[in-house]
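1. Coordinates for the following, if possible.
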Amino acid sequence: MSAAQSFFLAGVMQGARSGAAYADQGYRAALRTEIARYRPDAVVHDPFDLMRDWIGAQEDMIRREHAELADRPIVQRDKAGPGLAALIDTFHRLARTAAASDVCVAWLPEHEPSMGTAVEMHSACLAGRTVVAITEMRQNLAVLACTSLILPDLEAFGDWLAHGGDRR
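-> Next up, the predicted model:
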């Protein structure tokens, strides 16, 4: 019996927003629903949940140190406080998790770039994983270079899964 297929849910969290503002994260539940419909045994790695599990206890410190960056003209990573160091380590850990997952699903709506998503896509691509972008950015070089498949919307993702998708 083979192991359950794993999916990593990459997608916009902060995007181009400053401070602690987040994009709507409702897409995560929608992606989980589609994956569960067609791959009920799949393991889903959701960075939003993983971050809460891994560093949630440090959230206040992380938010404070992150907010302080706005007033610093020069930022040196090696001088980051413990909260930012934990956040940075988590960023790299998420990229490794994307690379270890069978499928990286990248949600990039309305031409909104996401540097974190690009890193996760790139990590998964370099690891030889299937990278599916759900986006209108068909001409974006990072998307083209790091994806196996570009789909226009959630419905197309469901159709892809329904018709075999990346079955092993």
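
2. Tell me which residues of the worst-scoring helix or strand of the chain on mean pLDDT come out buried.
-> Least confident helix or strand of the chain, by mean pLDDT, DSSP states H and E, is helix 59-68 with a mean of 91. Buried residues in helix 59-68, counted by 16 or more other Cβ atoms under 10 Å: 61, 62, 65, 66. In short, each C-beta sits where N, CA and C put it, glycine included.

3. So which elements touch it?
-> When contacts are defined as 3 or more Cβ pairs under 8 Å, 6 or more residues apart in numbering; DSSP states H and E, helix 59-68 packs onto helix 82-100.

4. right, and the helix or strand after the helix it packs on?
-> Beyond helix 82-100 on the C-terminal side, the first helix or strand identified by DSSP states H and E is strand 103-108.

5. What ranges does this structure have for its strands?
-> 6-11, 43-45, 103-108, 130-135, 149-151 (DSSP state E).

6. Mean pLDDT and mean neighbour count added to those strands, as CSV?
-> Output for these, formatted as CSV (pLDDT from 0 to 100; neighbours: other Cβ atoms under 10 Å):
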stretch, mean pLDDT, mean neighbour count
strand 6-11, 95, 26
strand 43-45, 97, 17
strand 103-108, 95, 26
strand 130-135, 96, 25
strand 149-151, 97, 18
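
7. With respect to residue 159, which of the ones you listed lies nearest?
-> Among those, the nearest to residue 159 by Cβ to Cβ is strand 149-151 (8.4 Å).

8. Packing partners of that closest one?
-> strand 130-135, helix 154-162.

9. Format these as TSV; extra columns: distance to residue 7.
-> Formatted as TSV, the helices and strands packed on strand 149-151 follow (distance: least, Cβ to Cβ, whole Å):
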stretch	distance to residue 7
strand 130-135	9
helix 154-162	10
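
10. do you know which of the ones you listed lies nearest residue 11?
-> Minimum separation from residue 11 across the helices and strands packed on strand 149-151 (Cβ to Cβ) falls at strand 130-135, 8.4 Å.
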